[in-house]
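Asker: Here's my sequence, what's the structure:
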Amino acid sequence: MVLWPRMNLFEFHDQSWCPAVLRQAITDCVTTAWSFTGLWRNTVPHLIELLAAAEAPHIVDLCSGSGGPLPLALAPLQARFPGLRVTFTDLYPKPEAVRALVDAGAGRIRYHAAPVDAMAVPAELRGVRTIFGAFHHFPPEAAIRLLRGASAAGQPIAVFEFQRRDFLRNMVWPTGLVGLSPVVALVQAPRRWWRAPLTLVPVIPALWAWDSVVTILRTYTPQELAEMAAAAAVPGYRWEVRDAEASGRGRITCLLGFPDPRGGVEVVRY
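Answerer: So this is what the prediction gives:
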């Protein structure tokens with residue numbers, strides 16, 4: 001393992017000055033990557049565990065972007081919790097990205113129309129908070145504030161990261177997945193006329209390659225997650241950092257927080 005120091009570099013699709021078209025292009029690529037890798041399946045057992053203990057079967061997805069992997073996980077979750085409700089949120093809402101899902105959700109699935117800051121979730125949005133592949137976007141102080149918001153409100157939270165700051169072993173991910181850009185340009189719905197020319201130039205592959213490498217360099221280690229969880233601790237709230245020892249398709253790291261009289265922080269290897 002070659003661990004690099006964490007570098008809080010910028011990602012293009014994080015920036016307010018990034019044109020909406022390019023931000024949409026990158027999130028479209030990420031959404032396709034979720035489906036292609038199948039790593040979203042590894043999140044389901046952890047979500048089932050949190051939902052089973054929650055006050056109500058409701059997921060409040062933070063930093064949703066174009067939907068991320070949660071739409072892929074809905075079928076097994078709804079099979080276990082038929083009354084499951086889901087609210088997608090983002091600082092830059094894109095409700096059109098999951099319009100078909102919302103329309104088919106019989107009122108149980110919605111995209112919150114107003115911008116939602118993950119560090120200041122509105123009190124009325126109660127439920128299991130989820131963050132898929134976006135936690136590394138927050139520098140340590142902001143990340144602790146985000147976690148403290150969940151623990152102080154007594155709401156469960158699940159933070160999932162699929163890459164590690166093991167730069168050399170992870171290079172296959174950005175270099176390999178960037179090759180999906182032409183596929184995204186041609187087949188992902190809804191089809192957008194600007195995807196093909198911006199892929200051919202190639203603006204989209206270049207921006208996605210940069211953001212993918214920076215993602216690796218910004219990702220927190222399990223120990224760093226545990227330290228931030230400890231900083232966000234409140235009595236009666238427990239944190240567990242669950243880190244898969246496997247590599248490849250079995251790899252996932254998640255930070256779970258939930259009300260529990262035991263309290264404390266634990267790193268679990270599985």
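Asker: Quick check: the gap between the nearest residue to Ala120 once chain neighbours are set aside and Ala231.
Answerer: Excluding the flanking residues, the one nearest Ala120 by C-beta to C-beta, 6 or more residues apart in numbering is Gly149, at 6.8 Å. (Glycine included, C-beta is placed from N, CA and C.) Applying C-beta to C-beta, to the nearest Å, the value for Gly149 to Ala231 is 13 Å.
Asker: more crowded one of these two?
Answerer: Using other C-beta atoms under 10 Å, the more surrounded residue of Gly149 and Ala231 is Gly149, with 19 against 15.
Asker: The more buried one sits in which helix or strand?
Answerer: Per DSSP states H and E: Gly149 is located in helix 140-153.
Asker: Please export the C-alpha coordinates of that helix as CSV.
Answerer: The C-alpha trace of helix 140-153 is given here as CSV (Å, rounded to 0.1, in the frame of the first residue of the first chain):
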residue,chain,number,x,y,z
PRO,A,140,-11.7,18.2,7.8
GLU,A,141,-13.4,21.0,9.6
ALA,A,142,-16.4,21.0,7.3
ALA,A,143,-16.6,17.2,7.4
ILE,A,144,-16.7,17.2,11.2
ARG,A,145,-19.5,19.8,11.1
LEU,A,146,-21.4,17.6,8.7
LEU,A,147,-21.1,14.6,11.0
ARG,A,148,-21.9,16.6,14.1
GLY,A,149,-25.1,17.8,12.4
ALA,A,150,-26.3,14.2,12.2
SER,A,151,-25.2,13.2,15.7
ALA,A,152,-26.6,16.4,17.3
ALA,A,153,-30.0,15.8,15.5
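Asker: Helix or strand next in line after that helix, which one?
Answerer: strand 157-161.
Asker: That following strand - what's its average pLDDT?
Answerer: Mean per-residue pLDDT for strand 157-161: 95.
Asker: Sort out which residues of stretch 16-36 are buried, please.
Answerer: Neighbour counts over stretch 16-36 (16 or more other C-beta atoms under 10 Å) mark 18, 22-34 as buried.
Asker: now swap in stretch 90-103 and tell me
Answerer: Result for stretch 90-103 [16+ other C-beta under 10 Å]: buried residues 90, 92-94, 97-98, 101-102.
Asker: What of stretch 35-54?
Answerer: 37, 39-40, 42-44, 46-47, 49-51, 54.
Asker: roughly how far apart are the residue lying closest to Met7 once chain neighbours are set aside and Asp103?
Answerer: Leaving aside its sequence neighbours, Met7 sits nearest to Leu217 (C-beta to C-beta, 6+ apart; 4.3 Å). As judged by C-beta to C-beta, Leu217 and Asp103 stand 39 Å apart.
Asker: What strand or helix carries the nearest residue to Asp260 once chain neighbours are set aside?
Answerer: In space, and not counting its chain neighbours, Asp260 is closest to Arg238: 3.7 Å by C-beta to C-beta, 6+ apart. For Arg238, the host element (DSSP H and E) is strand 237-243.
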